[in-house]
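> What follows is a protein structure lacking sequence information:
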């Protein structure tokens, strides 16, 4: 019989302790672990773990889930705890529980309880045989009950001599790729059988499946002894090293050793039917396998053997020779029990809807339900009374001793030929620093134990709060802290300076933390050296210019001190600063250590106001003739400065030009310049020439004509406006020219007329 199978990629898991916010951490049992009950429906669970606060004892109890078991009171599982680890036993009735564990110091509970959900006391079975035991397709009933468990892991064909990873227990499932460790494919009939047993017995069930498709009984016998090699009955090819037996050995020594086991369930014979194995040969080979398992396991593990040989042609139906051989093994071998006869189930095997060519051996969905029912029927009450189960083997304890350099020496109690630590070392003892450690232990037969985890505290750390540098300035203090409570701080003289997690100091020196953890050992931190730096000298400041000035001016404040940083009271940071605002100014300096001096002397800066911008008023027009003037005035103040040089409030202006003024107040502060006033002075026209057109002395009755010559109009002193006038009377005659601006020239020279 040849069967095709698919190798599914599996994710490997690590057994991790339950870690919640509690001071007691449980390494074993983990969630969904099921330990084998005895014939009195009881089991003793070895509970291992570690604690992080001082305890005097560890207590545990079982809380039945949904009425599935018997709840217990708190029981002490270890008194006089030492070393930070615990290992103790708790006995309970068959059922499905939440395990509660707590620490007690004196009579007071410490911290919170640790809960491991879904811990079982029930039935553990190891399955072996060929494909109708292993499973060959996913068209199988999925268990419906939460209490049917396994480990989802497939041991590699070439896995020997390596162990599987530390187990993670899980709900048995039938999703693609799901494996019942070490080799079973999917739920097959076992998920359904689990449902039946859980319902009937009211205890959880754990399965391990070591079956290997297409194997004859001789393959199991060939590979059973150390170094044994099996050869395929179809092509003569060698199986991978120790296959198929290694899976059965692993199921017993690696898994069942920690949990216990009720029986090995054997379903095999179809291949031996096909190749025509003889009765005596089959009996001899199967008894060899049974004897080897009991020798390897070191205990008389019960077996339940199914009567199985059927296959559609070419196998040729049921084979009485094989069935008799199986009956003979059951009858002639100690501690053996009859399993179901599956040859009568689902005949023929090749039927719709599967109808796969050359598929005349394996059960379909309905057939698997019948097979599960048949196994359940075989597991009678008599079987459960007479098949004396193997209980779980208690894991060796770990002892803890102090070691130098913040290490602990961890040792497995007892003598064992093979001890491998998860941290990579081999041997009974290891010396390690901070971390979690666990040993995988093998006895002389190769049965595997897992110690409880041991926690080595991390070395304490002395540090500065907020991760600042360990340096302060004289007169200040700094807060130091550790990563633990309940510590002792010591200085370089080994004197205790504090006993709290955080403390403040202003004293230079080297500080360390000492921490005594639950192992009873002292751990010492790094040395933290605190430097106290002196303050820089107090600086002196001076002014380079007067410190009382008018608004808009400034002074310069400066220091001769050299520093990394200058800190003026107004926030500026230069060595010399220009100051234009009033106030009291001082300086501190900061050196390369970040230390700041005391404040310097203070310099007061006074800034006086300036007058408002003045305005100019005039008492007349700003444009006038050259023989006129105008007065310019500004509001009263203490002093005046005209652009023309005068220093009075009012000035008289007869010259054209631009005139502005600044005023000064009582502080001597000058205003801004006023707006300019523009004065325009128009020139006078030239004096006209006057000509007498005749004698200016004449007799009465005569006359003379006077003529004025000018490009402008003229105005005679007598009021005439004509340029020529006739004069008949005596008098003094003069004329002015008047230009377009209305400006009058000076009078012409007098002409005297005598009549």
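Arrived safely, thanks for sending. What you see is a predicted model, and the numbers here were worked out from it, not measured in a lab.

> Any buried residues in the longest helix along the chain, and which?
In the chain, with assignment by DSSP state H, the single longest helix is helix 279-297. Applying a neighbour-count criterion of 16 or more other CB atoms under 10 Å, the buried positions in helix 279-297 are 279, 281-283, 285-290, 292-294, 296-297. In short, each C-beta sits where N, CA and C put it, glycine included.

> where exactly do the helices run in this structure?
Listed in chain order, the helices of the chain (DSSP H) span 131-134, 190-201, 217-223, 245-250, 257-259, 270-275, 279-297, 320-332, 365-378, 381-386.

> wouldn't residue 483 be in contact with residue 434 here?
No. Under the criterion of CB atoms under 8 Å, residue 483 is not in contact with residue 434, lying 10.4 Å apart.

> Which neighbours do the two have in common?
Taking CB atoms under 8 Å, 6 or more residues apart in numbering as the contact criterion, the common neighbours of residue 483 and residue 434 are residue 458.

> returning to that earlier point: what is the nearest of the buried residues of helix 279-297 to residue 268?
Of all the buried residues of helix 279-297, the one sitting nearest residue 268 is residue 286; the distance, using CB to CB, is 8.2 Å.

> pLDDT below threshold where in the chain?
The model of the chain has pLDDT under 70 over residues 1-22, 352-358.

> helices or strands up against the top strand by length along the chain?
Identified as the longest strand of the chain according to DSSP state E is strand 108-129. Applying 3 or more CB pairs under 8 Å, 6 or more residues apart in numbering; DSSP states H and E, one finds that strand 108-129 makes contact with strand 24-28, strand 34-36, strand 42-51, strand 95-105, helix 190-201, strand 205-209, helix 245-250, strand 263-267.

> Generate TSV for those, with mean neighbour count and distance to residue 141 as supplementary columns.
Rendered in TSV, the data for these read as follows (neighbours: other CB atoms under 10 Å; distance: least, CB to CB, whole Å):
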stretch	mean neighbour count	distance to residue 141
strand 24-28	25	31
strand 34-36	25	20
strand 42-51	23	28
strand 95-105	22	21
helix 190-201	22	4
strand 205-209	29	14
helix 245-250	26	23
strand 263-267	27	17
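
> Rebuild the ones you listed as TSV, extending it with distance to residue 633.
What follows is the helices and strands packed on strand 108-129, written out as TSV (distance: least, CB to CB, whole Å):
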stretch	distance to residue 633
strand 24-28	100
strand 34-36	116
strand 42-51	101
strand 95-105	101
helix 190-201	118
strand 205-209	117
helix 245-250	120
strand 263-267	128
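
> Minimum distance to residue 161: which of the ones you listed has it?
Within the helices and strands packed on strand 108-129, the stretch nearest residue 161 is helix 245-250; the backing value is 8.5 Å (CB to CB).

> buried stuff in stretch 388-407?
For stretch 388-407, burial by neighbour count (16+ other CB under 10 Å) applies to 389-393, 395-398, 400, 403, 406-407.

> taking the residues you listed one by one, which sit in strands?
Judged by DSSP E, those include 398, 400, 403, 407 as members of strands.

> pretty sure residue 551 is touching residue 608, no?
Yes. Under the criterion of CB under 8 Å, residue 551 is in contact with residue 608, at a separation of 6.8 Å.

> where do the contact lists of these two overlap?
With CB under 8 Å, 6+ apart, residue 551 and residue 608 have common neighbours residue 669.

> In contact with residue 673: list those residues for me.
Under the criterion of CB under 8 Å, 6+ apart, the contact partners of residue 673 comprise 613, 643, 660, 661, 662.

> whoops, I mixed them up, residue 245
Taking CB under 8 Å, 6+ apart as the criterion, residue 245 is in contact with 220, 223, 224, 228, 230, 289, 292.

> These: which two are farthest apart?
With distances taken as CB to CB, the most widely separated pair in the contacts of residue 245 is 230 and 292, at 12.9 Å.

> quick one on the thing from earlier: buried residues, the longest strand of the chain. List them.
Across strand 108-129, burial judged by 16+ other CB under 10 Å covers 110-111, 113-116, 118-129.

> Can you list the strands that that strand pairs with?
If you go by DSSP bridges, strand 108-129 pairs up with strand 34-36 (parallel), strand 95-105 (antiparallel), strand 205-209 (parallel), strand 263-267 (parallel).

> Tell me what the nearest residue to residue 744 once chain neighbours are set aside is bridged to.
Spatial nearest neighbour of residue 744, excluding adjacent residues (CB to CB, 6 or more residues apart in numbering): residue 736 at 4.6 Å. Judged by DSSP bridges, the bridge partners of residue 736 are residue 715.

> which ones are touching residue 736?
Shown here is residue 736, whose contacts under the criterion CB under 8 Å, 6+ apart are 687, 688, 714, 715, 717, 744, 745, 746, 747, 748.

> Between the contacts of residue 245, which sits nearest residue 133?
Residue 133 has its nearest neighbour among the contacts of residue 245 in residue 220, at 11.6 Å by CB to CB.

> what's the closest non-adjacent residue to the closest one?
Nearest non-adjacent residue to residue 220, counting by CB to CB, 6+ apart: residue 289, 4.6 Å away.

> which helices and strands does the longest helix of the chain pack with?
The helices and strands touching helix 279-297, judged by 3+ CB pairs under 8 Å, 6+ apart, are helix 217-223, helix 245-250, strand 263-267, helix 320-332.

> got the angle for that helix vs strand 263-267?
Our comparison of helix 279-297 with strand 263-267, counting by axes from the mean of the first three to the mean of the last three CA atoms, to 10 degrees, yields an angle of 150 degrees.

> what is the orientation angle of helix 279-297 with helix 320-332?
Between the direction of helix 279-297 and that of helix 320-332, the angle (the same axes, to 10 degrees) works out to 40 degrees.

> How far away from the center of its chain is helix 279-297?
How far helix 279-297 lies from its chain's middle: 56 Å, per CA atoms, centre = their mean, to the nearest Å.

> thinking again about what came up before, can you pick out the most distant pair from the buried residues of stretch 388-407?
Taking CB to CB as the measure, the buried residues of stretch 388-407 span a maximum distance of 45.6 Å, between 389 and 406.

> if we can go back for a sec, export the ones in strands among the buried residues of stretch 388-407 as a markdown table, with columns for distance to residue 95.
Formatted as a markdown table, those follow (distance: CB to CB, whole Å):
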| residue | distance to residue 95 |
| --- | --- |
| 398 | 29 |
| 400 | 34 |
| 403 | 43 |
| 407 | 42 |
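
> picking up where we left off before, any chance of TSV for the buried residues of stretch 388-407, columns distance to residue 322?
Converted to TSV, the buried residues of stretch 388-407 look like this (distance: CB to CB, whole Å):
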residue	distance to residue 322
389	28
390	28
391	34
392	35
393	35
395	41
396	44
397	48
398	49
400	56
403	61
406	65
407	61
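
> nearest to residue 212, of the residues you listed?
Using CB to CB, residue 390 is the member of those that sits closest to residue 212, with 22.9 Å.
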